[in-house]
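# quick one, structure for this:
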Amino acid sequence: MTLFAELKRRNVLRVAAAYVAVSWLLIQVVETLFPVFGLSDAAIRTVVILLAIGFIPAVISAWAFELTPEGLVRDAEVDRAAPSIKASTKRLDRIVMVALALAVGFFAFDKFILDPARDAALAEAAREEGRVEAVQAKREAGPPVVAVLPFSAVTANEDSEFFAAGVHDDLLTKLAQTPSMLVVSRTSVMEYKGVQRNMREIGAALGADAILEGGVQSAGNRIRINAQLIDAKTDEHLWAETYDRELTTASIFDVQDDIALAIAEALQTTFTAAAVRSPIPTQNMAAYRAYHEALAVRYEIRHGHQSDEYRGLLQKAAELDPAFTRPLALLVGSYALSAFQGRDPESVTRAESILENIQAIAPDSVDHLIAQTFYTYYILRDYDLAHELTSRVLDRVPSDTEVLSIKTWIERRLGDYAAMIETLRQGRKLEPRETMWENRLIFNLALAHRYDEAMAELEAYEGRDENVEFLRARLMVREHGDLQRMVRDVVAVDEKFGSKDSQRNTVFAHVMAREFEEAASVLESVPDDGVTPMGLSNKQFDQLILAHLLGDRDTVAELVAIARENLSEGGGSLDEVDDWRAITLAMLATVEGDGDRAVRFIRQYYSGMGTDWASRVHNRDFTCQVLGLAGATAAAVRCVREGLEEPSLVMPFLEPKLPFYDPIRDEPMFVELVEELDREASTRR
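Alright, predicted model coming up:
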């Protein structure tokens with residue numbers, strides 16, 4: 001008899017099948033029930049191991065013994081023909097069939113009922129874990145970014161429109177004062193007013209983590225404000241609420257506090273109610289209206305923040321409620337800017353008077369700090385103190401883009417270009433649709449000689465204007481080294497934009513490539529505007545430089561005569577640190593062949609700069625070029641080296657190629673500089 005036949009005769013196969021079926025069924029039940037009672041995976045593994053160990057004794061027992069009505073009997077003593085043995089075999093078959101049926105049934109139950117429930121629970125757990133991880137990642141990367149879309153007027157009446165705009169502006173101000181989040185600026189969200197767009201698309205365009213939208217309905221003495229917060233990544237609603245209140249400024253600001261608290265909680269940010277809730281700015285509805293009417297003027301009119309209408313409405317708001325400091329702070333900013341631009345004594349007096357008023361009403365308030373910042377920067381020009389004030393303001397109002405903008409100008413004045421670049425990045429994050437941030441970021445990366453970063457930003461930037469494109473053409477010389485190719489790039493930009501700036505850029509590109517005749521031809525069509533300190537227009541000043549490069553002595557003499565007639569030459573002290581007087585006088589000395597006098601004027605210019613890095617940096621390349629044209633080798637080389645060590649538009653791959661240095665090109669000191677720059681360039685490649 002074969003082994004298989006013997007195993008079958010002794011019911012070993014039946015016992016093994018029954019054992020496996022029952023064990024599998026038992027394991028499925030254990031896996032389902034043990035977690036319910038808090039038993040770990042170790043307990044399940046123990047059951048599986050014990051069942052596996054028990055399989056061998058069960059099979060050996062089936063081989064050696066037979067189960068009879070009298071109990072276990074050795075196989076050799078069993079009569080296989082006995083009816084009781086046949087019945088026992090059938091019972092064993094039924095056990096196997098029942099066990100298999102139960103196993104199949106449990107498998108189906110587990111597969112189609114328990115599995116989906118477990119999967120849903122696991123998916124929800126994964127989503128929750130993902131949310132926690134996302135929140136944690138956001139906390140590590142920085143506070144969440146919220147975009148507040150313009151609120152809609154639910155009913156088409158003037159009051160609803162007014163309050164919708166007012167609530168939107170106030171919410172932006174309120175949320176900007178919440179340190180636990182960053183708020184996308186008004187300028188970037190206004191393009192979505194009345195526009196139906198997918199929230200994920202808006203979130204991606206604005207770089208926002210969450211989007212707040214809502215509507216306002218005003219009727220009689222009641223106002224209803226509804227708002228909802230949406231996850232910009234998933235389009236899921238995080239929070240929603242409708243507020244039905246009496247129409248008073250107190251109720252409006254209370255609702256804004258409630259919304260700010262709800263947003264902070266929904267985004268799981270670290271906050272306190274005291275940090276969000278603040279004193280009501282004004283209880284006077286007429287003052288509230290005048291203030292928001294002023295904001296409308298500021299937003300809708302070019303240079304509206306310096307218009308008489310804007311100032312008049314702010315003054316009206318302050319007169320209606322003398323304790324309403326927000327319009328007073330904006331008035332200080334408006335007058336201080338006028339004083340900065342025009343040295344207007346009356347504006348200085350008004351700004352000082354209003355600042356004293358704010359200090360008396362609300363010392364050390366956010367409005368007081370902002371007004372102090374305007375005054376200190378624009379009027380006192382104390383850049384160190386102004387920088388300290390902006391830092392204090394931004395600690396309390398991290399999303400105030402106007403203060404951020406002032407901070408960048410202060411950092412520029414202090415020469416801290418690394419800090420300014422980071423502040424520009426922060427401003428761009430808050431105003432992603434405002435091209436000013438991107439344009440300034442690219443230019444200042446180039447000024448800081450961080451060319452790889454500047455090029456990366458340029459390639460990712462779609463809103464390039466003619467000046468940014470001109471910068472890109474110059475930076476590309478670092479790669480191809482071909483000035484004629486640069487000219488072709490700039491000419492293509494001029495053909496695209498056709499603006500005054502693009503024309504001037506084309507003139508300068510031709511000059512850089514020594515295409516002086518082409519430059520003169522383009523210059524003929526450039527508008528003649530502006531007057532330089534030497535009495536020549538900007539166009540005449542460019543013509544003077546070109547005539548000198550072309551060797552056109554007649555034109556040079558003619559333009560010099562015009563300058564002499566309008567200018568009392570003598571190299572007197574500078575009126576302002578950023579005045580071009582000394583530089584233009586240096587150019588005049590250069591075209592007249594007096595290099596020593598040109599060097600003296602350039603030195604005077606830099607001694608007048610003091611610690612004002614703005615003019616020092618932005619005029620460095622031109623002063624070096626004037627010194628090169630003047631034949632002042634030592635001064636020109638020193639100027640270029642300093643320009644490469646400090647922020648400037650002196651570019652190591654471009655500057656030595658320019659025609660302005662032709663008078664000193666063969667001088668050993670300049671040759672050494674060029675060879676040094678070539679070695680550094682080859683090392684970079």
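# domains of the protein?
Using automatic domain parsing, the domain ranges for the chain come out as 3-121, 145-276, 281-381, 383-464, 475-526, 568-685.
# out of these, flag the one nearest residue 544.
Closest of these to residue 544 is domain 568-685, at 6.2 Å (criterion: C-beta to C-beta). (C-beta placed from N, C-alpha, C; glycine too.)
# and that closest one, what's its mean pLDDT?
The pLDDT scores in domain 568-685 average 86.
# repeat for stretch 383-403
92.
# do you know which of the domains of the chain lies nearest residue 549?
Closest among these, once you apply C-beta to C-beta, is domain 475-526, at 5.3 Å.
# ok, back up a step: comparing the domains of the chain, which yields the minimum mean pLDDT?
domain 3-121 (a mean of 66).
# returning to that earlier point: can you put the domains of the chain in CSV and add mean neighbour count?
Listed next are these as CSV, based on neighbours: other C-beta atoms under 10 Å:
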stretch, mean neighbour count
domain 3-121, 14
domain 145-276, 19
domain 281-381, 19
domain 383-464, 19
domain 475-526, 18
domain 568-685, 18
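# apart from its neighbours in sequence, what residue is nearest the residue nearest the centre of the chain?
Closest to where the C-alpha atoms of the chain average out (C-alpha atoms, centre = their mean) is residue 429, at 1.9 Å. Nearest non-adjacent residue to residue 429, counting by C-beta to C-beta, 6 or more residues apart in numbering: residue 207, 6.0 Å away.
# backbone dihedrals for that neighbour, both of them.
phi 70, psi 30 (degrees, to the nearest 10).
# do you know how far it is from residue 168?
19 Å (C-beta to C-beta, to the nearest Å).
# could you do residue 299 as well?
Taking C-beta to C-beta, one finds residue 299 at 11 Å from residue 168.
# need the overlap of contacts for those two.
Taking C-beta atoms under 8 Å, 6 or more residues apart in numbering as the contact rule, residue 299 and residue 168 both touch residue 186.
# in what helix or strand does residue 326 lie?
helix 325-342 (DSSP states H and E).
# contacts for that helix?
In contact with helix 325-342 (C-beta under 8 Å, 6+ apart) are residues 173, 281, 287, 290-291, 294, 305-306, 310-311, 313-315, 317-318, 344-345, 347-348, 350-351, 354-355, 357-358, 361-362, 365, 367-368, 370-371, 374-375, 377-379, 402.
# just stretch 496-507 next, same as before
Contacts of stretch 496-507 (C-beta under 8 Å, 6+ apart): 465-467, 469-470, 490-491, 493-494, 519, 522-523, 525-527, 542.
# change it to 6 Å
For stretch 496-507, the surrounding residues in contact (C-beta atoms under 6 Å, 6 or more residues apart in numbering) are 466, 467, 470, 490, 491, 493, 494, 519, 522, 523, 526, 527.
# circling back to that earlier point, need the domains of the chain in TSV (columns: distance to residue 532).
Formatted as TSV, those follow (distance: least, C-beta to C-beta, whole Å):
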stretch	distance to residue 532
domain 3-121	75
domain 145-276	34
domain 281-381	19
domain 383-464	23
domain 475-526	14
domain 568-685	5
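# nearest to residue 535, of these?
Among those, the nearest to residue 535 by C-beta to C-beta is domain 568-685 (9.0 Å).
# what about that closest one, distance to the chain center?
36 Å (C-alpha atoms, centre = their mean, to the nearest Å).
# and for stretch 394-407?
14 Å.
# tabulate the CA atom coordinates of that stretch in PDB.
Extracted in PDB, the C-alpha atoms of stretch 394-407 (Å, rounded to 0.1, in the frame of the first residue of the first chain):
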ATOM      1  CA  LEU A 394       5.900  93.700  12.900                       C
ATOM      2  CA  ASP A 395       6.200  91.800  16.100                       C
ATOM      3  CA  ARG A 396       2.600  92.900  16.700                       C
ATOM      4  CA  VAL A 397       1.300  93.200  13.200                       C
ATOM      5  CA  PRO A 398       3.400  90.700  11.100                       C
ATOM      6  CA  SER A 399       1.200  91.000   8.000                       C
ATOM      7  CA  ASP A 400       1.400  94.800   7.600                       C
ATOM      8  CA  THR A 401       2.900  95.100   4.100                       C
ATOM      9  CA  GLU A 402       3.200  98.900   4.200                       C
ATOM     10  CA  VAL A 403       5.500  98.600   7.200                       C
ATOM     11  CA  LEU A 404       7.300  95.700   5.600                       C
ATOM     12  CA  SER A 405       7.900  97.900   2.500                       C
ATOM     13  CA  ILE A 406       9.300 100.700   4.700                       C
ATOM     14  CA  LYS A 407      11.500  98.100   6.400                       C
END
